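Asker: With the input below, show me the fold.
(one chain, ligands or ions: 2)
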Amino acid sequence: MTNNELPALRWGIVGTGLISSWFVADLTIDRANRGANHTIQAIGSSSVQKGQEFASQHLSGHTPTIYGSYAELYNDPNVEIVYIGTPHAFHKQNALDAIRAGKHVLCEKSFTLNEREAKEVFAEARGYNVFIMEAMWTRFFPLVQKLRQLIHVDKTIGDVHRVWCDFGLPKDIASLPITSRYKDPALGAGSLLDIGIYSLTWVILALESNLRTETPQVLATQKIVHHVDVATSVLLNYPDGRQGVATSTFASKTPANFCRIEGTIGSIVVEGLAASVPTSFTIQLRNEEPQKYEFERPGRGFYWEADAVAIDIAAGKTENDIMPCDETIRIMHLLDEIRRQGGAQFPQDLE
Ligand SMILES: NC(=O)C1=CN([C@@H]2O[C@H](COP(=O)(O)OP(=O)(O)OC[C@H]3O[C@@H](n4cnc5c(N)ncnc54)[C@H](OP(=O)(O)O)[C@@H]3O)[C@@H](O)[C@H]2O)C=CC1
Ligand SMILES: O=C1OC[C@@H](O)[C@H](O)[C@H]1O
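Answerer: Ligands and ions are numbered 1, 2, ... in the order given. Predicted coordinates for the structure are as follows:
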């Protein structure tokens, strides 16, 4: 297929923070084997000046329309899909507003603050018959797809029975302003929704061959500082004895950022889980040389999820098979239960 024959999508970007800068950089990168063509059609920001600065810094050579409000972007007829890159607490309203303007939606993780909000958003999307997906980009990495094939189809390390994953991001919560999305519970602050969701995702992807069909028992504890979970530890216990340990922390200066998968005849270690996508994992079978699998990755790798979205929309689908709405609801349900046991609360939980 030539590039001209690929699905094409015109994106409106809401929020001009860190993730939006990474996302647009990846969508506009020159790469081989692209699955779709992406245009950054518009930027929606709290001010035109901020939007212009974002475009000149991250979209040189491109000419997106810049809006000083999100509402104008939702109403732009040239925007086909809205990418939501705002703090967790705004995802629900941003998504509802985009949906009601008839736009498809790709919304950053964590999808909403809790399961109740997620269900509300998905119900609205169904009503408007638009595509919607949580931007859990990890699930779209070729590395993850290969890992799952080796574990669950080829059974390379036998039956997987234990998985550990740790993801940390050093943050000195005490010294951050109360307006920081890492500190303000009303913005959905805390390690769990920010990075613990990755640990949980890696553990689930490694332990479950049939995603969405299992309900592990959850045991969780959280360290709460300034009303925010600075560390969360979760044990997932499956009825047949499989165990997963998912941890996240803002408190460690040297977090491990790894996933270790243990099977009956060997193990796999994925390293470098922090901000960029891991580019390799190593399989160790008993009495054999370790075998390393390496993966190419121009940029950061946000185009894999974006390509999948464009392909789905071109095919007339309203959700994605790798990250369907039910899976987001299951994850939000687990996050709610972890916070219920651990003690981290958002004011919006009480609404
Ligand atoms: N997939 C990934 O690898 C990553 C995902 N994320 C996710 O992306 C989302 C945003 O995170 P990140 O980009 O780090 O956040 P930032 O704080 O860097 O940016 C958020 C943007 O949202 C807009 N915004 C609207 N209201 C507020 C408010 N009250 N306070 C702060 N910002 C506001 C602002 O844009 P403006 O003023 O232009 O409207 C701001 O620049 C989160 O859901 C996070 O979990 C984050 C990093 C990496
Ligand atoms: O998803 C994320 O990954 C990278 C971190 O910098 C960020 O806080 C988090 O939201």
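Asker: contacts and neighbour counts: CA atoms only from here.
Answerer: OK.
Asker: What does Gln291 show for phi and psi?
Answerer: phi -120, psi 120 (degrees, to the nearest 10).
Asker: isn't it right next to Ile283, touching?
Answerer: Yes - proximity of Gln291 to Ile283 meets the contact threshold set by C-alpha atoms under 8 Å, at 5.1 Å.
Asker: who has more neighbours, the two?
Answerer: Ile283 (22 against 12; other C-alpha atoms under 10 Å).
Asker: Tell me who's in contact with the more buried one.
Answerer: Residues near Ile283 by C-alpha atoms under 8 Å, 6 or more residues apart in numbering: Gly266, Ser267, Ile268, Val269, Pro290, Gln291, Lys292.
Asker: Using ChimeraX, define a selection of the buried residues within those residues.
Answerer: Selection of the buried residues among those in ChimeraX, burial being defined by 16 or more other C-alpha atoms under 10 Å:
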select :266,267,268,269
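Asker: Kindly indicate which of the contacts of Ile283 lies nearest ligand 1.
Answerer: Val269 (20.6 Å; C-alpha to the nearest ligand atom).
Asker: residues near Asp321, how many?
Answerer: Asp321 has 12 neighbours, counted by other C-alpha under 10 Å.
Asker: residues touching it, list them.
Answerer: Contacts of Asp321 (C-alpha under 8 Å, 6+ apart): none.
Asker: Helix, strand, or coil at it?
Answerer: coil (DSSP: H, G, I helix; E, B strand; the rest coil).
Asker: Relative to Gln222, how far out is it?
Answerer: Separation of Asp321 from Gln222 (C-alpha to C-alpha, to the nearest Å): 32 Å.
Asker: same question, His58
Answerer: 37 Å.
Asker: With Thr201 instead?
Answerer: Counting by C-alpha to C-alpha, the gap from Thr201 to Gln222 is 18 Å.
Asker: if you count what's nearby, which of the two comes out ahead?
Answerer: More neighbours surround Gln222 than the other of Thr201 and Gln222, with 24 against 18 (other C-alpha under 10 Å).
Asker: Pipe the contacts of Ile283 into TSV and attach secondary structure per row.
Answerer: Formatted as TSV, those follow (three-state DSSP):
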residue	secondary structure
Gly266	strand
Ser267	strand
Ile268	strand
Val269	strand
Pro290	coil
Gln291	strand
Lys292	strand
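Asker: wait, which of the contacts of Ile283 is closest to ligand 2?
Answerer: Val269 (19.8 Å).
Asker: how long is stretch 268-278 end to end?
Answerer: 13 Å.
Asker: brain fart, stretch 100-118
Answerer: Using C-alpha to C-alpha, one end of stretch 100-118 lies 16 Å from the other.
Asker: List the buried residues for it?
Answerer: Residues 100-115, 117-118 are the ones in stretch 100-118 that count as buried (16+ other C-alpha under 10 Å).
Asker: How about it and ligand 2, touching?
Answerer: No - Stretch 100-118 stays clear of ligand 2 (C-alpha under 6 Å from any ligand atom), getting no nearer than 7.2 Å.
Asker: what about Gly158, which helix or strand?
Answerer: Counting by DSSP states H and E, no helix or strand carries Gly158.
Asker: which residues does it contact?
Answerer: Per C-alpha under 8 Å, 6+ apart, neighbours of Gly158: Ile151, Gly263, Thr264, Ile265, Gly266.
Asker: and the residues you listed near ligand 2, which?
Answerer: Restricting the contacts of Gly158 to those near ligand 2 - C-alpha under 6 Å from any ligand atom - leaves none.
Asker: Tabulate those in JSON lines, adding columns for secondary structure and pLDDT.
Answerer: Formatted as JSON lines, these follow (DSSP: H, G, I helix; E, B strand; the rest coil; pLDDT from 0 to 100):
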{"residue": "Ile151", "secondary structure": "helix", "pLDDT": "98"}
{"residue": "Gly263", "secondary structure": "strand", "pLDDT": "98"}
{"residue": "Thr264", "secondary structure": "coil", "pLDDT": "97"}
{"residue": "Ile265", "secondary structure": "coil", "pLDDT": "97"}
{"residue": "Gly266", "secondary structure": "strand", "pLDDT": "98"}
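Asker: Got a quick ChimeraX command for the buried subset of those residues?
Answerer: Restricted to buried positions by 16+ other C-alpha under 10 Å, the ChimeraX selection for the contacts of Gly158 reads:
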select :151,263,266
